[in-house]
Structure formats: C-alpha cells, structure tokens
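*Asks:* Please work out how this folds:
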Amino acid sequence: MRGLHHVEIWVDELEGTSASWAWLFTTVGLKCAAEWPGGRTWDAGGAYITLTTSPNLSATAHDRRRPGMNHLALWGGTRADVDAVVAVASEHGWQPLYADRYPHAGGPDHYAAWLENSEGFKVEIVAE
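*Replies:* Numbers count the residues shown, from 1 in each chain. Here you go, the predicted structure:
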C-alpha cells in the first residue's frame, strides 16, 4: 500500500487552538476519531491527522516560512463548499490569505482557498 498514512501537527497549547482546527476538519468532512488530554485525531479517509502537544517542542511558535511543512491541503468539496468555508472561516479562527486572488491564487485552473490561523498554520482548501 502506498500513499499518505498520517500527518501529526504539534501545537504549543492544545486547548486554545483545537476548536478552530476541529471546526475546519469537520467542515471539510473529517471525523474526530480519538481524543485524549494532549491531542485529537481526525479520520481523513484512510489516513489521519493528529493535533497534539509535545514535551519535545524546540520553540513555542510555528513559522510556515521556515524549513519544514509550509501548509496542509485538504479536499473541500465543490466550489460552493469551498466558498462556504471561506465565508465563515474568520468566525472560527482562520483568516484568508491571498484574498485578492481568491479563488485562483494557485492558477486559473485551480479553485482553492488559503487560510491561516492565529498560530501561523496555513491550510489550503481545494475544490474537487
């Protein structure tokens, strides 16, 4: 079997950020599969995404512009579904990026939204 198995995202403080991630993940169709005091896992259709704290963090701030993961891209459904996510994202802790080029910041044939949360994590929501 090949392909993505899982993604683990480390955060400095879970309780302060988990609500915005939970909203985003469930809005695009992921299901919360497990919860424990230091983390949450969402089923991503054969793969999974875990949001967790770690005693091994080397810094408290994430910077997507440094070496490492720049962003996470998720299928968002139809174009109307992506538009609906964008319409309410700021109410759930996500701010739009590249709003002046929405929905084609990735090119004329790529319909997507880019969002960033207060911790600086960037997520791309892609239309089918």
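
*Asks:* CA only for contacts and neighbour counts going forward, please
*Replies:* Noted.

*Asks:* Does anything pack onto the longest helix seen in the chain? Which helices or strands?
*Replies:* In the chain, assigned by DSSP state H, the helix with the most residues is helix 14-27. If contacts are counted by 3 or more CA pairs under 8 Å, 6 or more residues apart in numbering; DSSP states H and E, helix 14-27 sits against strand 31-36, strand 48-52.

*Asks:* Where does pLDDT dip in the chain?
*Replies:* Residues of the chain meeting the criterion pLDDT under 70: 1.

*Asks:* For the closest residue to Ala34 other than its chain neighbours, give me its contacts.
*Replies:* Take Ala34 and drop its neighbours on the chain: the residue closest to it by CA to CA, 6 or more residues apart in numbering is Thr41, 5.1 Å away. For Thr41, the contact set (CA atoms under 8 Å, 6 or more residues apart in numbering) comprises 32-35, 48-51.

*Asks:* For beta bridges, what are the partners of Thr41?
*Replies:* For Thr41, the beta-bridge partners are Ala34, Thr50 (DSSP bridges).

*Asks:* At which residues are the helices of this protein located?
*Replies:* So, for the chain - with DSSP H - the helices run 14-27, 79-88.

*Asks:* Looking at the ones you listed, which is nearest to Lys122?
*Replies:* helix 14-27 (11.2 Å; CA to CA).

*Asks:* gap between the residue nearest to Ala34 and Asn56?
*Replies:* Distance, Thr41 to Asn56, by CA to CA, to the nearest Å: 19 Å.

*Asks:* cool, and Arg2?
*Replies:* Counting by CA to CA, the gap from Arg2 to Asn56 is 29 Å.
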